[in-house]
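*Asks:* this is a predicted model, with the sequence first.
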Amino acid sequence: MKNFYLSRKQCKQVTRMANEFQSYLPFEESTFGAFINDLHSFIRAMVEQKVLSVRQAIIRMYRTSLHNMIDKYYPNGYKANKVVRYNYRCFAVTRLINPEYGFTPLEQVVAMKMIRAFRDFARSEFKNEEEYINRLDKAAAILR
């Protein structure tokens, strides 16, 4: 599977977000990485589906998955992590459409849109879910 790498500025932003959104509980895995992996599968499914009823079912499944992850990583509510517990390095963002082919610059834009949508959603303490889902749907529409 081929990856594409973020620019230096985007890399710093993503690293800062990964540290900020790391759960205050002592998990071994990256909280931010888990949310982003879930987001990737959601966006892929939304891009592949053109039928509205199927897309609505995908949104319902994603909401369930999202609530499960929020309950797992933030059982007492979201608190921004002030301590840099882990030294995250910039990571490659997996391709969104066809993982076996080279990436398109449009996918990099969409990837950053989803990451920033998650950032705003988490900073709102996971309260603006409808706006978050709408932003993700708009990002997926770019790739359709």
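*Replies:* Here it is on my side, so go on.
*Asks:* for residue 91, give me the pLDDT.
*Replies:* For residue 91, the pLDDT comes out at 52.
*Asks:* so where's the protein shaky on pLDDT?
*Replies:* For the chain, the stretches flagged by pLDDT under 70 are 1-6, 83-104.
*Asks:* now with 50?
*Replies:* For the chain, the stretches with pLDDT under 50 are 1-4, 92, 95-97.
*Asks:* and the lengthiest helix in the chain, what does it pack onto?
*Replies:* For the chain, the helix with the greatest residue count under DSSP state H is helix 52-73. Applying 3 or more Cβ pairs under 8 Å, 6 or more residues apart in numbering; DSSP states H and E, one finds that helix 52-73 contacts helix 31-48, helix 129-143. No exception for glycine: its C-beta is placed from N, CA and C like everyone else's.
*Asks:* go through it and flag the buried ones.
*Replies:* Neighbour-count burial for helix 52-73 flags 55, 58-59, 62, 66, 70, 73 (criterion: 16 or more other Cβ atoms under 10 Å).
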